[in-house]
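>>> let me see the structure of the following:
(chains A and B)
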Protein chains: 2
Amino acid sequence: MNDSYLNFVNSPFGARVARSLGLPKPEVLRRYRADEPEFGGLVAIGAGREPHLLDSLADLVASIGVTSVAHESAGLWMPLAHRHGLLTGRFEPAESGSAARVGALIFDASGIDDSSQMEPLHAFFHDTLRSLAKCGRIVVLGRPPEACASPRQWTAQRALEGLARSLGKEARRGITANLVYVGEGAEHGMEATLRFFLSPRSAYVSGQVVRIAADGLHGVANRVAVTDAGGNTASPFDWNLPLANRRAVVTGAARGIGASIASVLAAQGAHVIGIDIPSARDALEATMRQLNGTALAFDIAAPEAPAQIAAALDDHGVDIVVHNAGITKDKTIAKMTGGAWQSVIDINLCAQERIDDALLAAGILRDGGRIVGVSSISGIAGNPGQTNYATSKAGVIGRVQSMAPLLRPRGITINAVAPGFIETQMTAMMPLTFREAGRRMNSLGQGGLPVDVAQTIAWLAHPGSAGISGQVVRVCGQSLIGA
Amino acid sequence: MNDSYLNFVNSPFGARVARSLGLPKPEVLRRYRADEPEFGGLVAIGAGREPHLLDSLADLVASIGVTSVAHESAGLWMPLAHRHGLLTGRFEPAESGSAARVGALIFDASGIDDSSQMEPLHAFFHDTLRSLAKCGRIVVLGRPPEACASPRQWTAQRALEGLARSLGKEARRGITANLVYVGEGAEHGMEATLRFFLSPRSAYVSGQVVRIAADGLHGVANRVAVTDAGGNTASPFDWNLPLANRRAVVTGAARGIGASIASVLAAQGAHVIGIDIPSARDALEATMRQLNGTALAFDIAAPEAPAQIAAALDDHGVDIVVHNAGITKDKTIAKMTGGAWQSVIDINLCAQERIDDALLAAGILRDGGRIVGVSSISGIAGNPGQTNYATSKAGVIGRVQSMAPLLRPRGITINAVAPGFIETQMTAMMPLTFREAGRRMNSLGQGGLPVDVAQTIAWLAHPGSAGISGQVVRVCGQSLIGA
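Take a look at the predicted model:
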């Protein structure tokens, strides 16, 4: 659970050695700390023709309290920012040799409706990328292609994927690049997502495409913004404690990624009910004690588990369900026993289905709830020796895609995260060459940490993420590996 | 254009060296040759509960003239095959040490409607994979998840992706594995696709997922099977010359992949109209002379090009349009000029849009036509130094997704192929380490050839591929790289 190469090349001596030998030097990623400001530095704004999201962006910039600078492609930004009472300036490239001054690059491409109009994207990133600081952020905003009125617009919006993913691979230095498609009418539902992608909380999330739909934003329990008597909008939740008064179930919570998920959800205000198998009871109880949570020790794969969970939650209901529990039993299929196949499918996939169905049937999962399943890069790309695991994790993707439309009327979202190489006890036991390949074959040049998965789940569980459902977000540092 | 390592390790001496040093030994892929039988060896059939596609499979087995053997998971196959008048037997695992006897493994998973029912998949591949010959074929058949009636069924069908992709990575020895989702009502539209995936024509296509929809099969020009006076079904085309009487436009046809596309389409009976820039006129005319085709030398990016093409095709119309012409101008975005950005987007993407729109507006592309755009793995995954190219190639994907529903009423399909590492003059000029990484980082351990892209396009252009539209098929040997 220790990337000694990363530590070495970032020590004063190691950096000298790496430089003289021409070795890669992955950046030590900046991660969220409660005692450090979450947002800082300048945000440079660019835009294509007739951008639709600048107003909402101005709200965001005001809300997170950063200073913006306008690239020449975003001529509308200066007057608009002034109307919003924001300090703003014009983007000036850093002089060569001077420190990079920009913390984030945001381009509003929502107005581009033909592939012949894409030059401003080049102009913006051409001019600004070298001014972006280490661990800086790139966010490209567009419209969901499949909702576009014309094939030309759909094509141009879909083309943004190629750009955002290339920028993520090109930028290096701990920089992430992500693409957010904001549906018409969802403009005021993008703040939680942009906060996540601009924050150190998303340190290991890069090369991802997320869609925010308007139709999830209507349910009462999901309202992101309410209007007070004076006509001002106010959030119905505290950005620092967004999960206050929410109850969250996390399976496999005794240790590792599950314990980290429980801890992050608790730090954001949730009461956590941790579940793990009886043999992990002591670790589970210790973890839950620290978080003032509740420990439930039983086997989620047992036939009686769904009823047990439902009974334990019945009095108060639950708002957030995180299906983290999972096992691996790796073998090539020619050597894999029927038992190894079936138990992996059953615990990683069937158990999620049975538990959700029980909670939904009994009305225990409340309106406006959140379900997050843990998938895997293996479920996306397949993996030799993991036919059982990859099948189960691909099934988790089918699960969130199939359930999302059915849960929408109740304001419940269901999404999956797909971790790549995460530093855990499991990866620490891998053979050295596999471990090193896994760590380095991504745009950030290192493995992720359990907290990176946990922060991504907390964002999806956020009350402000109501417009995101049926999606898969990889937590993989933009791994090369994919489908 | 010469993989000397592949040749070396497959020479008698090289094989000994490789064995003693533990070096990987990629298989020399079997490719289609007109003078060798296209199909051969036993086909082993497996199935999950209540399979829907066995009847159509029996038609296929009869049509391609192979012998089938039934795995115990496919108890229905024996009586059904007998009813179809097929010789068939029971699958028996090869004795260890004896030669693998099975040429293809086909599993009909269309009846699986819950993730708890997936054990037959394990049983079948567990029992059969070691009996599969070098360059053998794995095809998993299912139902399109998004068309499934219940979330449980959707989930189980979606899980098949994880299995098929893992099998592709596990099998090695030149074996490909692909997943075909056959929509309800499209059972009789799957023959062209299964022929392709079982044939040496698909040598470098692995790890892919293809959907066959019923709604494309209704147009008169697309009818795959017609019923004769005796009530027997007959194909309205010759399987050996399926593109007879079709006219095909191929851009960038003077050399390389484009010339190979032209050649394969011509070999299947099409009259090819090759387009390339005036500076390549001699090569273009030589290529077209060989194929009895027509050469049109002009720049597709010029404003007058769509009208020129329309005028040249007007008398006879056209059935197949292949947008192969493309350029690269690689630089990191900070160093990329506006001209390099714009010319790549314009030639690789905007020109396709302008030409298609001109041909469609003037009615020159006939009902039942086929459009195929050449995308790229860079358009799927992004690539450093290729922001312009990746943007254009991601746009090609948006193009086929957006146009497909609009063209469906006329029976026109539009799809994209996304080549991975293909051995061309361009890749021959890459630095050695990049070239070797590109060649080896896929399940087949080698680069593809231009003919692999060409054969894939010919399959999509086939009259029997009417149910396939709006899709992207990678020709990449199941590259590790993806999104």
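
>>> could you report the separation of residue A:35 from chain B?
35 Å (C-beta to the nearest C-beta, to the nearest Å). (Glycine included, C-beta is placed from N, CA and C.)

>>> model confidence for that residue, exactly?
With respect to pLDDT, residue A:35 scores 95.

>>> pretty sure it sits in a strand.
No. Residue A:35 is assigned coil when assessed by DSSP: H, G, I helix; E, B strand; the rest coil, not a strand.

>>> and it, backbone torsions?
In terms of degrees, to the nearest 10, the main-chain angles of residue A:35 are phi -100, psi 10.

>>> helix/strand/coil for the residue of the stretch 1-150 of chain A found nearest chain B?
Across the stretch 1-150 of chain A, the shortest distance to chain B (C-beta to the nearest C-beta) belongs to residue A:122, at 4.0 Å. Under the three-state scheme (three-state DSSP), residue A:122 adopts helix.

>>> what's the burial count for it?
For residue A:122, the neighbour count with other C-beta atoms under 10 Å in any protein chain shown is 22.

>>> nearest residue to it other than its sequence neighbours?
residue B:341 (4.0 Å; C-beta to C-beta, 6 or more residues apart in numbering or on different chains).

>>> and that neighbour, that one's in a helix?
Yes. The assignment for residue B:341 (three-state DSSP) places it in a helix.

>>> what about it, how many neighbours?
Neighbours of residue B:341 (other C-beta under 10 Å): 25.

>>> got it, and the one 5 residues further on?
Using other C-beta under 10 Å as the criterion, residue B:346 is surrounded by 19 other residues.

>>> now it: closest residue in space, sequence neighbours ignored.
Nearest one to residue B:346, counting by C-beta to C-beta, 6+ apart, is residue B:301 at 5.4 Å.

>>> flag the shaky bits of the stretch 101-250 of chain A, pLDDT-wise.
A:216-235 (pLDDT under 70).

>>> quick one, strands of it?
For the stretch 101-250 of chain A, the strands defined by DSSP state E, counting those that start in this stretch occupy A:102-108, A:132-142, A:176-182, A:209-212, A:226-227, A:233-234, A:247-251.

>>> tell me which of those sits most buried.
strand A:247-251 (a mean of 28; mean count of other C-beta atoms under 10 Å in any protein chain shown).

>>> do you have the strands of the stretch 351-483 of chain A handy? List them.
Using DSSP E, counting those that start in this stretch, strands in the stretch 351-483 of chain A cover A:365-374, A:413-419, A:472-475.

>>> looking at these, which is buried most?
By mean count of other C-beta under 10 Å, these have strand A:413-419 as the most buried, with a mean of 27.

>>> quick one: mean pLDDT for that one?
The model assigns strand A:413-419 a mean pLDDT of 98.

>>> next, the angle strand A:365-374 makes with it.
20 degrees (axes from the mean of the first three to the mean of the last three C-alpha atoms, to 10 degrees).

>>> can you list the residues of the stretch 201-350 of chain A near chain B?
A:207, A:332, A:333, A:334, A:336, A:338, A:341, A:342, A:345, A:346, A:349, A:350 (C-beta under 8 Å from any C-beta of the partner chain).

>>> now for those: which two are most distant?
A:207 and A:338 (37.3 Å; C-beta to C-beta).

>>> between those two, which one's more packed in?
Between residue A:207 and residue A:338, counted using other C-beta under 10 Å, the more crowded position is residue A:207 (28 against 11).

>>> ok, for that one, nearest residue in space, not its chain neighbours?
residue A:478 (3.3 Å).

>>> ok, the residue of the stretch 1-150 of chain A closest to chain B touching residue B:343?
No. Checked against C-beta atoms under 8 Å, the pair residue A:122 and residue B:343 is beyond contact range at 11.4 Å.

>>> tell me where the stretch 151-300 of chain A has helices.
Ranges of helices in the stretch 151-300 of chain A, per DSSP state H, counting those that start in this stretch, are A:151-171, A:191-198, A:256-267, A:281-290.

>>> in a markdown table, list the ones you listed along with mean neighbour count.
Below are the helices of the stretch 151-300 of chain A laid out as a markdown table (neighbours: other C-beta atoms under 10 Å in any protein chain shown):
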| stretch | mean neighbour count |
| --- | --- |
| helix A:151-171 | 27 |
| helix A:191-198 | 23 |
| helix A:256-267 | 24 |
| helix A:281-290 | 17 |
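
>>> what residues are up against the closest residue to chain B within the stretch 201-350 of chain A?
Closest contact between the stretch 201-350 of chain A and chain B, by C-beta to the nearest C-beta, is at residue A:341 (4.0 Å). Neighbouring residues of residue A:341 by C-beta atoms under 8 Å, 6 or more residues apart in numbering or on different chains: A:329, A:387, A:388, B:118, B:119, B:122, B:126.

>>> from residue A:331, how far out is it?
Distance of residue A:341 to residue A:331, computed by C-beta to C-beta, to the nearest Å: 9 Å.

>>> now stretch A:426-437: mean pLDDT?
Stretch A:426-437 comes out at a mean pLDDT of 86.

>>> near chain B at all, that stretch?
No. Judged by C-beta under 8 Å from any C-beta, stretch A:426-437 and chain B are separated, with a smallest distance of 10.2 Å.

>>> mind listing what residue A:352 touches?
A:323, A:373, A:396, A:399.

>>> I'd say the second one and residue A:399 touch.
Yes. Because the distance of 6.1 Å satisfies C-beta under 8 Å, residue A:373 is recorded as touching residue A:399.

>>> what is in contact with those two at once?
Common neighbours of residue A:373 and residue A:399 (C-beta under 8 Å, 6+ apart) are A:352, A:414, A:416.

>>> which of those residues lies closest to residue A:158?
residue A:416 (22.0 Å).

>>> what residues does that closest one make contact with?
So residue A:416 contacts A:372, A:373, A:374, A:375, A:396, A:397, A:399, A:400, A:471, A:472, A:473 (C-beta under 8 Å, 6+ apart).

>>> could you restrict those to the ones contacting chain B?
Among those, chain B is touched by A:397, A:399 when using C-beta under 8 Å from any C-beta.

>>> just put the contacts of residue A:416 in JSON lines and tack on pLDDT.
Formatted as JSON lines, the contacts of residue A:416 follow (pLDDT from 0 to 100):
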{"residue": "A:372", "pLDDT": "98"}
{"residue": "A:373", "pLDDT": "98"}
{"residue": "A:374", "pLDDT": "98"}
{"residue": "A:375", "pLDDT": "98"}
{"residue": "A:396", "pLDDT": "98"}
{"residue": "A:397", "pLDDT": "98"}
{"residue": "A:399", "pLDDT": "98"}
{"residue": "A:400", "pLDDT": "98"}
{"residue": "A:471", "pLDDT": "98"}
{"residue": "A:472", "pLDDT": "98"}
{"residue": "A:473", "pLDDT": "98"}
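
>>> for the contacts of residue A:416, which one is nearest chain B?
Looking across the contacts of residue A:416 and measuring by C-beta to the nearest C-beta, the closest to chain B is residue A:399, at 4.6 Å.
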